[in-house]
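>>> model the following, please.
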Amino acid sequence: MLIDHWPLLGLRLSTPRLELRLPGDNELAELADLAAEGIHEPDRMPFLVPWTDLPPAERARSVVQHHWLRRGNWSPDNWALTLAVFESGRVVGLQSVFARDFAVLRQVSTGSWLGSRYQRRGIGTEMRAAVLHLAFEGLEALEATSGAFEDNATSFAVSQKHGYELDGIDRHAVRGRPTTMRRLRLTRARWQAHQQVPVSISGLRPCRQMFGLPQEDLHAAGSDSVAPGDPGDPQGLGRGVPQY
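Predicted structure coming up:
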C-alpha cells in the first residue's frame, strides 16, 4: 500500500473542531476550489509571493502544483508538511509546518490560509495549535517561528494567543512596494505556558525518520501524543501568511 512507502498519509492531528491531514486527490481539488473563491481582500496582500493575484483558475492550479511540489521535494533535512484543514469533514483551509536541518536546529516555521467564508471563527487559532503540538510534543522542537506583514492584525492576534514574541523585522518588495514583515518566535517554554487547545496526534510514529529523527527516540517511542487536558516555499505559502 502507498502508506507503507509514504507514512505521512496516516498522520492525523485533531482538535475539538478540526482534523488536519494530507488531502486525497478529490480533497486537494476542494482546497484548490476554495483558494479560487478568495482568501483576502484584493486591496491587501498578506503573502510574500503574491500568488493570490493570479486569476481564479490559475490560483487553484498553483495550490495543486505547490502541494505536489512539496511532497516531491521532501527530504529529512528540508521538509514542508502541507496539511488540509477539515471542519465537520469539509475542507476549510491549509496549515503548513516546515523546517530545514530540523534534526540539528529543532526549529520549525508555520504558515496558513483559510477560505474567506471560514475566517474570523477561531479556526486559525486551533489549526496553529495543532501544528505547534506536533512540533513541540511530537517532534520535540525547541522553537517555532512565524511572521506577518505589519497590517495583518489578525495573524498577530493568533500568534499572541500562543505566546510568540517579536523577533525583529524584514523588509520586502511585494507588488512593487516596500513592505515590512515582523518576525515572531515561540520557545518551547512559552508554548507550554500558553497552550490551551487540546490536540491529539495519531500516525506519527512511522513518520519520524521522514522528519530526520531516529525511529527509536525515547521520548516519542511510545504511543502517539495527546495534549494535556484532552480526553482521549517556492510560492511563499509559508511566509507572511494570514492566520485567521
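>>> quick one, what contacts Ser159?
Ser159 makes contact with Arg128, Ser146, Ala148, Leu184, Leu186, Gln243, according to C-beta atoms under 8 Å, 6 or more residues apart in numbering. Yep, even glycine has a C-beta here, placed from its N, CA and C like the rest.
>>> how about the helix or strand hosting it: buried residues?
Using DSSP states H and E, the element containing Ser159 is helix 153-162. Neighbour counts over helix 153-162 (16 or more other C-beta atoms under 10 Å) mark Thr154, Ser155, Phe156, Val158, Ser159, Lys161, His162 as buried.
>>> how about the contacts of Ser159, which pair is most distant?
Ala148 and Leu186 (13.5 Å; C-beta to C-beta).
>>> now the strands for the chain?
12-14, 18-21, 78-87, 90-100, 107-114, 143-149, 165-174, 177-187, 200-202 (DSSP state E).
>>> and the third one, how far out from the chain's middle?
To tie it back to what came earlier, the one meant is strand 78-87. 6 Å (C-alpha atoms, centre = their mean, to the nearest Å).
>>> so His133 touches Val199, yeah?
Yes - the pair His133 and Val199 passes the contact test of C-beta atoms under 8 Å, sitting 3.8 Å apart.
>>> show me what the residue nearest the centre of the chain bridges to in the sheet.
The centroid of the chain falls nearest to Ser96 when counting by C-alpha atoms, centre = their mean (2.4 Å). Ser96 has these beta-bridge partners by DSSP bridges: Thr82, Gly111.
>>> heads up, I number from 50, so please use that
Fine by me, first position is 50 from now on; the one you just mentioned is Ser145.
>>> measure it to Ala206 for me?
19 Å (C-beta to C-beta, to the nearest Å).
>>> can you tell me which helix in the chain is longest?
Counting by DSSP state H, the longest helix found in the chain is helix 105-121.
>>> pull out the buried residues from that helix.
Neighbour counts over helix 105-121 (16+ other C-beta under 10 Å) mark Arg108, Ala109, Ser111, Val112, His115, His116, Leu118, Arg119 as buried.
>>> any chance of CSV for these, columns pLDDT and distance to Ala242?
What follows is the buried residues of helix 105-121, written out as CSV (pLDDT from 0 to 100; distance: C-beta to C-beta, whole Å):
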residue, pLDDT, distance to Ala242
Arg108, 90, 39
Ala109, 93, 40
Ser111, 93, 38
Val112, 94, 35
His115, 94, 34
His116, 95, 34
Leu118, 96, 36
Arg119, 95, 31
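>>> how many other residues sit next to Asp74?
By other C-beta atoms under 10 Å, 7 other residues sit near Asp74.
>>> and stretch 167-174, end to end?
12 Å (C-alpha to C-alpha, to the nearest Å).
>>> list the buried ones in that stretch?
Of the residues in stretch 167-174, those buried (16+ other C-beta under 10 Å) are Tyr167, Gln168, Ile172, Gly173, Thr174.
>>> ok so, going back, my guess is the residue nearest to the centre of the chain contacts Trp128. True?
No - Ser145 is not in contact with Trp128 according to C-beta under 8 Å; the separation is 10.5 Å.
>>> what do those two both touch?
By C-beta under 8 Å, 6+ apart, Ser145 and Trp128 have no common neighbours.
>>> ok, now how distant is Arg239 from Leu57?
Distance, Arg239 to Leu57, by C-beta to C-beta: 28 Å.
>>> oops, could you answer that again for Gly217 instead?
Using C-beta to C-beta, we find Gly217 at a distance of 32 Å from Leu57.
>>> which of these two has more neighbours?
Higher neighbour count among Gly217 and Leu57: Leu57, with 19 against 10, using other C-beta under 10 Å.
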